[in-house]
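**Q** From the sequence below, what's the structure:
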Amino acid sequence: MDQSVAIQETLAEGEYCPQAVQGVLCEGDSRQSRLLGLVRYRLEHGSQEHALFLYTHRRMAITGDDVSLDQIVPVSRDFTLEEVSPDGELYILGSDVTVQLDTAELSLVFQLPFGSQTRMFLHEVARACPGFDPATRDPEFLWLSRYRCAEPELELPTPRGCNSAPGTWPGYATIGGGRYPSRKERWGLEETHPQGAGSVLFWGGAMEKTGFRLMERLEEAGREMSAAAGSRECDSAGGSNFDGLRPNGKGLPVDQSSRGQDKPESLQPRQNKSKSEITSMVRSSTITVSDKAHILSMQKFGLRDTIVKSHLVQKEEDYTYIQNFRFFVGTYNVNGQSPKECLRPWLSDGVQAPDVYCVGFQELDLSKEAFFFHDTPKEEEWFKAVSEGLHPDAKYAKVKLIRLVGIMLLLYVKQEHAAYVSEVEAETVGTGIMGRMGNKGGVAIRFQFHNTSICVVNSHLAAHIEEYERRNQDYKDICSRMQFCQLDPSRPPLTISKHDVILWLGDLNYRIEELDVEKVKKLIEEKDFQTLYAYDQLKIQVAAKTVFEGFTEGELTFQPTYKYDTGSDDWDTSEKCRAPAWCDRILWKGKNITQLSYQSHMALKTSDHKPVSSVFNIGVRVVNDELYRKTLEEIVRSLDKMENANIPSVSLSKREFCFQNVKYMQLKVESFTIHNGQVPCHFEFINKPDEESYCKQWLNANPSRGFLLPDSDIEIELELFVNKTTATKLNSGEDKIEDILVLHLDRGKDYFLSVSGNYLPSCFGSPIHTLCYMREPILDLPLETISELTLMPIQTGDDGSQLESPMEIPKELWMMVDYLYRNAVQQEDLFQQPGLRSEFEHVRDCLDTGMIDNLSASNHSVAEALLLFLESLPEPVICYSAYHNCLECSGNYTASKQVISTLPTFYKNVFYYLMAFLQELLKNSAKNHLDENILASIFGSLLLRNPAGHQKLDMTEKKKAQEFIHQFLCNPL
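**A** Alright, predicted model coming up:
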């Protein structure tokens, strides 16, 4: 619904609203629904002025009677509206966008729905800013005088109809400025508090800057570790036994045994041949930071320890100094090739040996085995090539290797620096189809270097010139989903933004737009990179503040690094004749960073890309041991005088929370504030008796525990998200949006919070046989009917039931498959490229309301919705009871057909319907580039699921499941 029409009805002649968007105004604890309209006024001499009109409303704005003008913010020279990334944001399908509006006197935060409407609105606002065109004169906004309220009399209260907020147009109307609760709340920004006595400290927030460690000792191990076949990580740096107790540790003192909870993907290290250039292990060392080493033998301080850490954070500059270290950052898309040439022209180009190497690869292996089974010999080949190509004037220790399919990142440090590297963690985020496949995505390594936290990200974003929005979404997904475990398992994970220095490298895949291939090549030949750069998509998207906000990139003084004929410096001569582009980029964010070089390396010809490198001087905070000792002693002496005998007490801004009209895979957030009294305290949500978690599966509190200094506040967000795990019981009525949370204070009392709401049933999460009996859209049926049908036994359709005559397959499945059959049989990369979240929501709503004629989405979005639908089925298409029989007879098509014939009728119908559709896709493989192996791999794990705890298939089962489906794709049905 275009709500700009309603705004237009309130405007005067000459005023026009080109774009409007529904949002939520976030003011402290308050969340208020607002309609934001960009209003344009054309002046007599032809120029334009703009203002942002903010409206309250009682319902969806259809006419001018539905809205009331609340506030006007002129788009002046000092006006900015920027997208911001909330700290700690999780990956949630359908998550909204947070933007911050700033003028010289005003700062407001809004939450806007994710999607094309918001993107277009933000784009138009950016264009409207006077700063966008330096030639425009300063706006005067005389046309806004009609909205001015009568001046209030001296010493009288401001009339309700006038806006007294600073930074708005003086005296403008706030007509009908009522407050309505938001129904679209989401992640709030983590508040930045002054680090004083009243600041808020909680795990993963300000506590990251702590430094209470007296000794450092890195474990010694006599070997170098590399990734096992198919493993995601390999370490060469041992963890300290006292990893939480040194000044550059920034962590809580914890039992190091908690660190042994490794991910299953990184279990089996393997031995490599020793290499003289690389130290096989970071050597052990003992550094005495303070003569108060006896503190190590004392009992953990608990609350006292937390207070010490918070004070050390505030005083960090008192005991540290800045020292520059040289970082080499390199990125290379190797196009699935094995190394064929020495990498020293790329890695050792400079005279001075770097202190730290961050080396990233993309498309390490393009084989289907690497894509579906994550196994590749290329990892070892390129690791060896890099190790041999490091600067010859220094010896290096490999700290970490991390790989996701073809995206690999290596971290090395000089041998003498190894003792000052700690808290090394690595993670991956796949952004391929269903948000999981690793053909696109990112890998990252985070670590502490002395007293500075550093995060290095290597990403490979979506391809094709027209897919810049998909690239933007990939970037945001990596930022929100990349989370690093901390040494203390009770502390929440760290996000990319929670680091002092961020280095981002990779094949970002942004292209050059609006110029034909020959024009691009001509500008390159003339070395007119400045003109060419104006058409660079990354430059345009960064300027529009849609990606990489706050990041910096050096000047591009080298020619585009893509696409070349392999083995040469010639531009692409293939049939597609790709236009040259700066796909391979390096950006950074943080303080005390100086870029010394940014270049490509034309000498390497292995790939259709050229490698890129950048060398930085990065100022790292190094601890002065003597100053640290003095600072620590001062803090400890002051705490000796503190009395902690009092009982802590807090007040809560809200205790009852109602989530209305919750939808499948759509995040809802309600927030409240905890205000602490005069006693420092720990808080935590605790389990109720006989329950395994403090809340139901669809609910989460963020943060769920923390620490409060006296007279300080913290905002807690309650996040409600229904997915495939919880949807079925909510559909059936076995579960409801109802819960009680218990907030416990250490040494204090418990507080009880009530959560309620309603869930809108969805076809997602509904059984196949249930949907076959729903001839009407699920949202048109009474809740009692939905519950009865959802709880209906799976064999009902075969027992002569007296229920209304069912359909042969679910209508929702038919809607999606029919849409794809009519529009997408020749679509390239179908079922391999993700869709957009906003379009998934649209598809879901069309299916649940039966409004099939309104279905309008990209082929990729509908295809992904189909996969998500199959994944959400509580009983898979091939029922759990037939799972083992299917694996046993994979390879025997006759026996496999016999197993399928035993399925309940509706499930058998769906299976053959899907196989027939996939066979139609294969008839167009020349266009869509699909083959039987790709489709069998994608659908095998969706149609065949392990009934034992519904766990993921292991590698052997995965290959058998693929083989089982493969038979039905290659043979007559």
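
**Q** switch to C-alpha atoms for all contacts and neighbour counts from now on
**A** OK.

**Q** Could you identify the longest helix within the protein?
**A** helix 905-922 (DSSP state H).

**Q** Output the contacting helices and strands for it.
**A** Counting contacts by 3 or more CA pairs under 8 Å, 6 or more residues apart in numbering; DSSP states H and E, helix 905-922 packs against helix 768-772, helix 955-970.

**Q** out of those helices, nearest to L870?
**A** When the helices and strands packed on helix 905-922 are compared by CA to CA, helix 768-772 sits nearest L870, at 9.5 Å.

**Q** Next, please give the residue ranges for the helices of the stretch 651-800 of the chain.
**A** Ranges of helices within the stretch 651-800 of the chain are 724-732, 768-772, 783-790, based on DSSP state H, counting those that start in this stretch.

**Q** Mind listing residues that contact the last one?
**A** It stands for helix 783-790. Under the contact criterion CA atoms under 8 Å, 6 or more residues apart in numbering, helix 783-790 has outside partners 728, 731-733, 766-767, 770, 773, 778.

**Q** buried stuff in the longest helix of the chain?
**A** If you call a residue buried by 16 or more other CA atoms under 10 Å, then helix 905-922 has these buried ones: 905-911, 914-919, 921-922.

**Q** Pull the number of nearby residues for S145.
**A** 12 (other CA atoms under 10 Å).

**Q** hang on, I meant Q530
**A** For Q530, the neighbour count with other CA under 10 Å is 13.

**Q** So it versus D365, what's the distance?
**A** According to CA to CA, to the nearest Å, Q530 stands 34 Å off from D365.

**Q** which of the residues in stretch 848-863 are buried?
**A** Of all the residues in stretch 848-863, those buried under the rule 16+ other CA under 10 Å are 848, 850, 852, 855, 857, 859-863.

**Q** Then stretch 682-695?
**A** 682-686, 694-695.

**Q** contacts for it?
**A** 303, 704-708, 739-746.

**Q** From these, pick the one nearest C577.
**A** Of all the contacts of stretch 682-695, S704 has the smallest distance to C577: 53.5 Å, by CA to CA.

**Q** which residues sit in contact with that closest one?
**A** 684-685, 716.

**Q** quick one: which of the residues you listed is nearest A948?
**A** Once CA to CA is applied, the member of those that ends up nearest A948 is F685, at 31.2 Å.

**Q** Worst mean pLDDT among the helices and strands packed on helix 905-922?
**A** Across the helices and strands packed on helix 905-922, helix 955-970 has the smallest mean pLDDT, namely a mean of 89.

**Q** re the thing from before, okay, the helices and strands packed on helix 905-922, which one's buried deepest?
**A** Mean neighbour counts were taken over the helices and strands packed on helix 905-922 using mean count of other CA atoms under 10 Å, and the top value, a mean of 24, falls to helix 768-772.

**Q** show me where pLDDT drops low in the stretch 401-550 of the chain?
**A** Counting by pLDDT under 70, the low-confidence segments of the stretch 401-550 of the chain come to 434-438, 488-491.

**Q** 90 instead?
**A** For the stretch 401-550 of the chain, the stretches flagged by pLDDT under 90 are 405, 419, 422-424, 430-440, 464, 466-467, 470, 473, 480-481, 484-493.

**Q** Okay, strands next: where are they in it?
**A** 407-414, 421-430, 441-449, 452-460, 483-484, 494-495, 501-507 (DSSP state E, counting those that start in this stretch).

**Q** Can you pick out the most distant pair from the contacts of helix 783-790?
**A** Distance extremes for the contacts of helix 783-790: the farthest pair is G733 and Y773 at 17.7 Å, using CA to CA.

**Q** mind listing what the closest residue to L730 other than its chain neighbours touches?
**A** Of all residues not flanking L730 in the chain, K736 sits nearest, at 5.8 Å (CA to CA, 6 or more residues apart in numbering). If you count contacts by CA under 8 Å, 6+ apart, K736 has them with 730, 757-759.

**Q** Can you tell me which of these are buried?
**A** 730, 759.

**Q** Sitting in strands, which of the contacts of K736 do you find?
**A** Applying DSSP state E to the contacts of K736, the entries found in strands are 757-759.

**Q** Give me the distance between the residue nearest to the spatial centre of the chain and N439.
**A** By CA atoms, centre = their mean, the chain has its centre lying nearest to S480, at 2.3 Å. Remark: distance between S480 and N439 (CA to CA) = 18 Å.

**Q** next one: H929
**A** For H929, the distance to N439 (CA to CA) stands at 16 Å.

**Q** Settle it for me: which of the two has more neighbours?
**A** The neighbour count for H929 versus N439, taken as other CA under 10 Å, is higher for N439 (27 against 15).

**Q** correct me, but the more buried one touches G432?
**A** Yes: N439 lies in contact with G432 (CA atoms under 8 Å); the separation is 6.0 Å.

**Q** count of neighbours near L903?
**A** Using other CA under 10 Å: L903 sits among 18 other residues.

**Q** Okay, and F110 sits in which element?
**A** strand 107-112 (DSSP states H and E).

**Q** Return the set of buried residues in that strand.
**A** For strand 107-112, the neighbour count (16+ other CA under 10 Å) marks 109-112 as buried.

**Q** in its sheet, what does that strand sit against?
**A** Partners of strand 107-112 in the sheet, by DSSP bridges, are strand 15-27 (antiparallel), strand 97-102 (antiparallel).

**Q** Please identify the most buried of those strands.
**A** Stretch with highest mean neighbour count among those: strand 15-27 (a mean of 21; mean count of other CA under 10 Å).

**Q** Need the max-distance pair from the buried residues of stretch 848-863.
**A** G850 and H860 (20.6 Å).

**Q** Quick check: bridge partners of Q32?
**A** Legend: beta-bridge partners of Q32 under DSSP bridges are L25, P181.

**Q** was I right about it contacting Y55?
**A** No: under the criterion of CA under 8 Å, Q32 makes no contact with Y55, lying 10.6 Å away.

**Q** between these two, which one's more packed in?
**A** Y55 (24 against 19).

**Q** List the residues that contact the residue nearest to V99 when sequence neighbours are not counted.
**A** The shortest distance from V99 to any non-neighbouring residue, by CA to CA, 6+ apart, is to E83 (4.2 Å). Contacts of E83 were listed using CA under 8 Å, 6+ apart, and they are 97-100, 545-546, 549.

**Q** doesn't E83 fall inside a strand?
**A** Yes: under DSSP: H, G, I helix; E, B strand; the rest coil, E83 falls within a strand.

**Q** What's the separation between it and I478?
**A** As defined by CA to CA, E83 lies at a distance of 16 Å from I478.
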